[in-house]
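>>> Give me the fold of what follows.
(chains A and B)
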2 protein chains.
Amino acid sequence: MPQNDGLPSFDAATAVERTEGGGLVAGLDPGWDVGGGILNGGYLLSVAARAAVMASPHAHPVALSASYLRAPAAGPATLTVVPGTAGRTLAHSYVTLSDPSGPALTVQATTATLTDYASVYSQPMPDVSPVEECFSLAEHAHLAPPGVQVPGLSLRVDTRLDIATAGWAFGQPSGEPVLRAWMRFADGREPDPLALLTFADALPPTSFAMGNFGWAPTVQLQVFVRALPAPGWCLVEARSSELAGGWVDEDYRIWDSTGRLVAQSRQLARAPR
Amino acid sequence: MPQNDGLPSFDAATAVERTEGGGLVAGLDPGWDVGGGILNGGYLLSVAARAAVMASPHAHPVALSASYLRAPAAGPATLTVVPGTAGRTLAHSYVTLSDPSGPALTVQATTATLTDYASVYSQPMPDVSPVEECFSLAEHAHLAPPGVQVPGLSLRVDTRLDIATAGWAFGQPSGEPVLRAWMRFADGREPDPLALLTFADALPPTSFAMGNFGWAPTVQLQVFVRALPAPGWCLVEARSSELAGGWVDEDYRIWDSTGRLVAQSRQLARAPR
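The predicted structure is shown next:
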């Protein structure tokens, strides 16, 4: 199993190594949980993306679609990568992440090589309070609503909620399924495309903003990485459009510290009861 | 190859049949093209979804993620469905659509059974002109900008562009990568979840609204079906958030004739030159 070796927490926790037999293995870190021993879906996607990049002629994940078959256990995991078509611009592959009980996550991965190109058109960053005026999930663990446990994820990803979307933490849910937060790794490791995959599923469920604090297990998640993020805080916004029949969507947009849109994601999840 | 048998055009063109050997086959219809003999990506996704539903205990596609490996030829196609986990609420599978030259489309499919449940929260339909004041793509083929061919798709899917987003057809591109149109099948066949998959990729590229009339080949497309659509016209809106480095996203939202959000999609495409 990969060892820490002084790496930043995220890099150690998402490390993928090739065995002598040619297989790919990882050690899923129990510290990247969302509560109840469930590992964060974005974290798992980052692990799968590392495997996709290792097997690709290209350096970056640009489009990943993942089906979450079941929650894998922390500990040893294996990854298989089936290559698809590959060309000068992009390469396709199909990644399966399995724990000892079997497949947990299947991912269609498109890799490419992102460079520092300028935007022709870019959706501007929404208005948001500066970081220092925002609400730290980790620092306010003692204020969490009854039954809400601050997960390991919130200790590793420093999450500063825009006060405008943090009313639920004070018993005043906004009723709008929108959350917005500044985000960076707690140990200062700078964002990159692999990190954006984790950020793209790292906010609490949008249902928290409606006063419902249950878990919303991801069914399918797609993430696009649109640019190499600049160092510093990223702004992450999650928004739901339709909640019905036990299903909810979550739409993420992520801007880097320069205000550029660097990632987008959408997931379908089972709505909390 | 499946025959028409008096079926509505869409049902005949997306029919999937099981062979005596147990395989699944379809006949890709050249009439569902986007110009240049290229078949529409949403149409191909509807074919793959039919195969997923045939192999599932559930009736409807609710989340599909497709990687477009290459453009398949019209004519005979085969479909393979590898089942994933399945339960009372949903089932996962992995579908590959191949033409005689090999795999063209791979799809992660989540199927479930949608019923007539009410929305707990729903994003309202945007303001839009009534159908009779909109701009018919098929009827105005003669006005198409130089080099723009009205594709077969536009003859089969009646597309009525909101005048507010149709300036490009009159030589006055808005400069905003947004298109909005009422949509229904030209032969009156009512919408259903399979139809929404086609609608979710049936508008011209958003770059048309910026005065760029090139083709934008889809790399990866995810569609969620959120509810059973009511009969009548659907409103389909496409919007891009970031155009850079030769990549563009297209985000679709689809409302049915009662104003309910019934589908969402997002694709990453190569931007037209």
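>>> which stretches of chain A have low pLDDT?
Counting by pLDDT under 70, chain A has low-confidence residues at A:1-5, A:142-149.
>>> remind me, longest helix of it?
Among all segments of chain A classified by DSSP state H, the helix with the greatest residue count is helix A:41-54.
>>> Can you say which helix or strand has the closest residue to residue A:100 other than its chain neighbours in it?
If you skip the residues right next to it in sequence, residue A:100 has residue A:76 as its closest partner in space, 6.8 Å away by C-beta to C-beta, 6 or more residues apart in numbering or on different chains. From N, CA and C alone the C-beta is placed, and that goes for glycine too. Assigning secondary structure by DSSP states H and E places residue A:76 in strand A:75-86.
>>> can I have that strand written out in CSV, keeping just the CAs?
The C-alpha trace of strand A:75-86 is given here as CSV (Å, rounded to 0.1, in the frame of the first residue of the first chain):
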residue,chain,number,x,y,z
GLY,A,75,-7.9,0.2,2.9
PRO,A,76,-6.5,-1.6,-0.1
ALA,A,77,-8.1,-1.0,-3.5
THR,A,78,-7.3,-2.1,-7.1
LEU,A,79,-7.7,-0.1,-10.3
THR,A,80,-8.1,-1.4,-13.8
VAL,A,81,-7.9,0.9,-16.8
VAL,A,82,-9.3,-0.3,-20.2
PRO,A,83,-7.9,2.1,-22.8
GLY,A,84,-10.3,3.4,-25.5
THR,A,85,-9.5,5.5,-28.5
ALA,A,86,-6.6,7.9,-28.1
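>>> helices or strands up against it?
In this structure, strand A:75-86 packs against strand A:24-28, helix A:41-54, strand A:90-99, with contacts taken as 3 or more C-beta pairs under 8 Å, 6 or more residues apart in numbering or on different chains; DSSP states H and E.
>>> Show me what the helix or strand following the longest one packs onto, helices and strands only.
Read in the C-terminal direction, the helix or strand following helix A:41-54 is strand A:60-68, with elements assigned using DSSP H and E. Under the contact definition 3+ C-beta pairs under 8 Å, 6+ apart, strand A:60-68 sits against helix A:41-54, strand A:102-112, helix A:193-199, strand A:218-225, strand B:60-68, strand B:102-112, strand B:218-225.
>>> can you pull the buried residues of the last one?
Of the residues in strand B:218-225, B:218, B:219, B:220, B:221, B:222, B:223, B:224, B:225 count as buried by neighbour count, 16 or more other C-beta atoms under 10 Å in any protein chain shown.
>>> Quick check: the farthest pair among those residues?
Between any two of the buried residues of strand B:218-225, the greatest separation by C-beta to C-beta is 21.3 Å, found for B:219 and B:225.
>>> Which positions in the stretch 101-250 of chain A make contact with chain B?
By C-beta under 8 Å from any C-beta of the partner chain, the residues of the stretch 101-250 of chain A that approach chain B are A:103, A:106, A:108, A:110, A:114-115, A:117-123, A:177, A:210, A:219-220, A:222, A:224, A:226-227, A:240-247, A:249.
>>> ChimeraX command to pick out the buried ones of the residues you listed?
Of those, the buried ones can be selected in ChimeraX as follows, counting by 16+ other C-beta under 10 Å:
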select /A:103,106,108,110,114,120,121,122,123,177,210,219,220,222,224,226,227,240,241,242,243,244,245,247,249
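>>> Tell me which entries of the residues of the stretch 101-250 of chain A next to chain B lie within strands.
Secondary structure defined by DSSP state E assigns A:103, A:106, A:108, A:110, A:119-122, A:219-220, A:222, A:224, A:242-244, A:247, A:249 of these to strands.
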